[in-house]
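S.K.: This is the structure alone, sequence omitted:
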């Protein structure tokens, strides 16, 4: 069983930045495709970004492209999401997710195998 733990959420003003981190245990981090999703109040969980096992390939949702960057450090078993130029509409619980299978793309929540409990990001206007 893989455990996933996110950190780094908080309250930030519009235009500000935050960096989320995600650590896994109970498995081999470098063998997983990793992703970030988010869920705003009264909305469905949506894809934010995904990254290949090596970190050389990434996908970002159009809504965050150019502002958010997913990255990973396999030596530290850690996934990151650098969020810049934050907007009030970015307010959501952000989830880190693990995919054991092959194939990288714009994932649906059902494509992922393990999830963290989420970290809340609140962007004030």
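M.R.: Arrived safely, thanks for sending. Just so it is clear, the structure is predicted and the values come from calculations on it, not from any experiment.
S.K.: hey, let's count contacts and neighbours off CA atoms from now on
M.R.: OK.
S.K.: what's the closest residue to residue 77 other than its chain neighbours in contact with, if anything?
M.R.: Distances taken as CA to CA, 6 or more residues apart in numbering put residue 29 closest to residue 77, at 5.5 Å, once the chain neighbours are dropped. By CA atoms under 8 Å, 6 or more residues apart in numbering, the contact set of residue 29 is 74, 77-78.
S.K.: wait, which of those residues is closest to residue 35?
M.R.: Distance to residue 35 across the contacts of residue 29 (CA to CA) is lowest for residue 78, with 11.7 Å.
S.K.: Could you check how many residues crowd around the closest one?
M.R.: Neighbour count of residue 78, defined by other CA atoms under 10 Å: 18.
S.K.: same thing with residue 92?
M.R.: Look at residue 92: counted by other CA under 10 Å, it has 21 neighbours.
S.K.: who does it bridge with?
M.R.: Beta-bridge partners of residue 92, counted by DSSP bridges, are residue 121.
S.K.: wait, doesn't it sit right on residue 124?
M.R.: No. The criterion here is CA atoms under 8 Å, and residue 92 misses it with residue 124 at 11.8 Å.
S.K.: The residue most central in space within the chain bridge partners, please.
M.R.: For the chain, the residue nearest the mean C-alpha position is residue 36 (2.2 Å; CA atoms, centre = their mean). Beta bridges link residue 36 to residue 49, residue 96 when assigned by DSSP bridges.
S.K.: Would you mind measuring from it to residue 125?
M.R.: Separation of residue 36 from residue 125 (CA to CA, to the nearest Å) stands at 24 Å.
S.K.: likewise residue 10?
M.R.: As judged by CA to CA, residue 10 and residue 125 stand 14 Å apart.
S.K.: which one of those two has more residues nearby?
M.R.: The neighbour comparison of residue 10 against residue 125 (other CA under 10 Å) goes to residue 10, with 14 against 11.
S.K.: thinking that one is in contact with residue 122, fair?
M.R.: Yes. Residue 10 lies in contact with residue 122 (CA under 8 Å); the separation is 6.1 Å.
S.K.: Right, I'll leave it there.
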